[in-house]
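# Sequence unavailable; structure follows:
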C-alpha cells in the first residue's frame, strides 16, 4: 500500500469516526423534531405525515402556558439579579484583594459542583423556614445562586480584557470613580455582561432538578411542568415543546456567542 | 564513492514547477529550484514571500497545488512527512516538553528502531557536536534559549536526514547569541556536510551563512546566486534594494555616446560614466541607478571627479569602524554614505554643505 | 489610606448570595441531624440515626451503583469526546470548526428535561433505534434499552460530551502543533505522534476532565429518573424518593450531603495529581 494511500485511509477513518460520534450526539434532537410533526399519538418512525396538532396542544395547554410565564418571571429576575451581583463581585475579584476573597470565590462557584438536588433541597428547607415556601422569591434565590458562577466568569474575562490605561486616563482627566465606572468601565463591559446575562437566562429557563424541589404547583417552571406531563402521558406534545425549546435556546446561544466566545464562559475547569 | 555520488545525482532536492495556493491566495508560483547536495542554501525574502511555504512543502507539511518535489531524484510529492527523511528545526524549536534532552534527541532514532546502545552512542556523539555534552538529563524548561536551539539542531541532525531544514533558526536569539550561533552553524555544517536549507528574512544572516541564496518575493524567485554575486550584481530592483544598504537614484534616461554613457535624471541633472561595459541595450531607455553607500565619497575641492553633487549633511551615525552620513542631495534625493572611521563627523558637520563624488563605475544599473 | 471605591457596595450583595447558599446547605445539615417523624414535615430531636441508616446494604448498593455508572460514563465520554475535541482544534477549514462547535456545544443549553425526553424517544421499544433496527431487518423483537443501566449511560454520555469536549479542546489547544509536526518529521506515524506526543501532553486535561464529568454525573437526576424508570437508582433518585415521596426530609438531607461530599471529595483528591501532571508537561 502506497504511503499516500495509507495516510488517506487513516484520515478517512478518523473523520468517519468523528461523523459517527456527531450522529450519536445529534440524533436525539433530530428525533424530537421528527416526532413533533408526527400526526399520530403513538410513536412511529418514520412519521406517517406532517401535523402541527402537537404544537397547537403544547401552546394552548394551560399548565405549560402558566409554567412558561412562571419561567419568564423567575428567569427575568434571577438573571438580572445574578448579573448585578455577579458583575459587582467579578469587579471585586479583579481589582481588590481582601481577606477571605478565596473563600468567597469558592463558595460562590461551588453551585457548579454541588449537586442541583442538594442545592434545590436546601433552598426548599430554607424557604420553609423563612415562610417563603410557595413563593417566587425562593425559586428566584435558588436560580440566582445557580447561574451566578457563569455570570462572574463571563464578566471577569471581560474585565481582564479592558485596558487599565483607559480608566486611568479618565481619572487623570478629572472623572470621579463613579464617573469612570459609569462612563468608561460599564460601556466596555457591556458585551461581556450581555453575554453573561444570556447564558444565565438560558440556564435558568432550562433548569430542572433544583426547580423540582423549590417550586410548588403554582410556581412551577416549564421543565418541571414537562416532567409532570411525561410521567402521565406519552403523546408527542412534549416533543413539540422540546422542539420549540431547542430552537429557542440554540438561537439565544448564537446571540450569546456573538457577544462573547462560548468556551470562555463555559470553562468549568473544576476550580 | 564518486560513481555512487554521480548515480545519486548532484541534486539533493528538486522543485519542479511547484505552485501552492491557499484558497484564492497564490503563495508560491511555478517555482523551479535545484538544491545541490551538501550546499547551504538560504530562502530569503520579506514576510509573505512564500519561503516558509516552500520549506513546509519540502518537509511534507504542505502539499503543492501543482508541480513535483524530488528528494534524491525520487518524487516525494505524495509521500507523507514521516517518510521523507528530512530533518526540520522549527522557529519555536518545538522540543517535546515531557521529555528530557536525551529523549528528545533520541526520538528520531527510536522511530527508526535503532538498538538502545546505538541510540545512546549517536545521541552522545551529536550532543558533543552541538556542545551540550552532559546535559542529557535536563528537562526542556531548564534550558536557556540558546541551549534549546542546540537540542533542536541535535535532534534533527542525529537522524542523518537527506536535507536539513531550518525555519528562521536565529530569530528568537538576542544579537550576541545570534552572531555566535552563525559561526557555530557554519562549523556544524563543516562537520556534517548535510544539505541545508535555511529560511530567513534577515539578509545579513543569509549573506554570512549561505553558499547560495534564493531571493523570493510574492511567491516567485527573484534571483539565485552566491552572496557575493547577489551583492554585486542584483538581477532586479527588488533584489538590489533588499540586499545590503543601497542608494536608489531617481530614474534616468540613458544615452550612449561612444564609450561614455550619460544619464539624465532631470533637466539640470546629468551624470556621466566612462568606459561603460555592455550597456548597449540601455541606450535611449529609462534605467534605475543604484549605488552602495561605500561607493560614495565626499569630494575634495581639487579632485578631478566626473560627477559632483551638492548636498547638505543631515545626520551622522557613528558605528565604530565607519560612520554613516545621511545627506540631502536635492533633486537626487536622500543619499547615504559609508565613510571609514569617525573623522568625517568633524570634517563635514551636520548642516554643512559638501559635494558628493558619485562614481558610477561600481553602480548597479537595472532596467526594471 | 488605600482607595477602594465601591468596595462595600459590591461586596454586600455577593456576601448575601453566599450567605443564602450556605444557609440552604446549613439547613440540609440541620435536618440530617434530626429525627424523622413519619407523616409530618416537622422533625424531632437531635440524632445520628439518619447517618447510620446510610450504611444499610440497599442504600450502599445505590451509592456503589452511582459511583460505577459515573465512572463508566466519564470514561466513555472521554473516549468519544477526544476525537471531536481533536478535530475541533486541528481542523483546517473554519467551516468545519464552526460546524463542530455548533453541534457539540449547543446541546448543552437545551436543558436536561428536553434531552432526557429525546433519549426516551430514541431508546423506547417503539422508539427510533428499535424502529430503525426492525426496519433494517436486524431484529424481530425490540431491544430493551429503557430502564437499563446501559440506556442511562448512553444518555448520560451524550449529556456530558459538550463539557468534556470543551475541557479537552482547551488542553489540546495548548499542545504546540509544531511538536506534532516535529515528531512526524522525525519519522513518527500519525498514530505514534498521538500516543507519544499529543496524548501525554494532554494528560492533565484528560485527568481533570474525566474527574469533572465523574463528579457531575454523580448528581445526574432526570436521566436515571426518567430513563431508569425506578429500575436504575442513583443517589439523586433516592433523595427524590425519600424527600418528595416519603417526605423523609432528614434522610434525604443525609443523602444530599453524601452526594455533595463525594462530588467535592473526588475533585479535591485529584488536584495534587493534576498539578504534578501539569508540571511534567510545562514548557516554562
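Sure, I can see it. Bear in mind that the values here come from a model prediction, so they are computed numbers and not experimental data.
# contacts and neighbour counts: CA atoms only from here.
OK.
# Residues of the stretch 101-250 of chain C that sit close to chain A?
The stretch 101-250 of chain C comes close to chain A at residues C:103-104, C:106-107, C:109-115, C:117-119, C:121-122, C:126-128, C:131-132, C:158, C:163, C:166-167, C:208-209, C:212, C:215-216, C:218-222, C:236, C:239, C:244, as judged by C-alpha under 8 Å from any C-alpha of the partner chain.
# Tell me which residue of chain A lies closest to chain B.
Closest residue of chain A to chain B, C-alpha to the nearest C-alpha: residue A:4 (5.5 Å).
# Please, which helix or strand holds that residue?
If you go by DSSP states H and E, residue A:4 is part of helix A:3-36.
# so does that helix get close to chain C?
Yes: Helix A:3-36 is in contact with chain C by C-alpha under 8 Å from any C-alpha, via A:14, A:17, A:18, A:21, A:22, A:24, A:25, A:26, A:28, A:29, A:31, A:32.
# What is the burial count for the closest residue to residue A:43 other than its chain neighbours?
The shortest distance from residue A:43 to any non-neighbouring residue, by C-alpha to C-alpha, 6 or more residues apart in numbering or on different chains, is to residue C:126 (6.1 Å). Counted with other C-alpha atoms under 10 Å in any protein chain shown, residues neighbouring residue C:126 total 17.
# does residue C:126 sit in a helix, a strand or a coil?
At residue C:126 the chain is in coil, as set by DSSP: H, G, I helix; E, B strand; the rest coil.
# mind listing the helices for the chain?
This is for chain A. In chain A, the helices defined using DSSP state H lie at A:3-36, A:53-60, A:62-95, A:101-109, A:116-130, A:136-160, A:164-172, A:177-180, A:186-206, A:209-214, A:222-232, A:237-259, A:262-265.
# The chain in question should be chain B.
Using DSSP H, helices in chain B cover B:2-8, B:51-59, B:101-111, B:116-129, B:145-157, B:175-192, B:203-209, B:227-232, B:237-242, B:344-347.
# one step back: do you know how far the residue of chain A closest to chain B is from residue B:86?
Remark: distance between residue A:4 and residue B:86 (C-alpha to C-alpha, to the nearest Å) = 17 Å.
# Write out the residues of the stretch 101-250 of chain B neighbouring chain C.
Going by C-alpha under 8 Å from any C-alpha, the residues of the stretch 101-250 of chain B near chain C are B:107, B:108, B:111, B:112, B:140, B:141, B:142, B:156, B:159.
# Repeat the analysis, applying 7 Å as the threshold.
B:108, B:111, B:140, B:141 (C-alpha under 7 Å from any C-alpha of the partner chain).
# Residue C:40: how many residues sit nearby?
If you count neighbours by other C-alpha under 10 Å, residue C:40 ends up with 10.
# Ramachandran angles for it?
phi -140, psi 150 (degrees, to the nearest 10).
# measure it to chain A for me?
14 Å (C-alpha to the nearest C-alpha, to the nearest Å).
# Assess the claim that the residue of chain A closest to chain B and residue B:79 are in contact.
Yes: with contact defined as C-alpha atoms under 7 Å, residue A:4 counts as touching residue B:79 (5.7 Å).
# Most neighbours among the residues of helix A:3-36 next to chain C, which one?
Most surrounded of the residues of helix A:3-36 next to chain C: other C-alpha under 10 Å gives residue A:32, at 27 neighbours.
# Show the contacting residues for that residue.
Residue A:32 makes contact with A:239, A:243, C:118, according to C-alpha atoms under 7 Å, 6 or more residues apart in numbering or on different chains.
# Counting neighbours, which of those residues comes out on top?
residue A:239 (27 neighbours).
# nearest residue to that one other than its sequence neighbours?
residue A:36 (4.7 Å).
# Show the pLDDT at the one you found.
Here the pLDDT value assigned to residue A:36 is 90.
# Next: the one 3 residues further on.
pLDDT for residue A:39: 86.
# Tell me, how many residues neighbour the closest residue to it other than its chain neighbours?
Closest residue to residue A:39 apart from its sequence neighbours, by C-alpha to C-alpha, 6+ apart: residue A:51 at 4.8 Å. A total of 15 residues lie near residue A:51 under the criterion other C-alpha under 10 Å.
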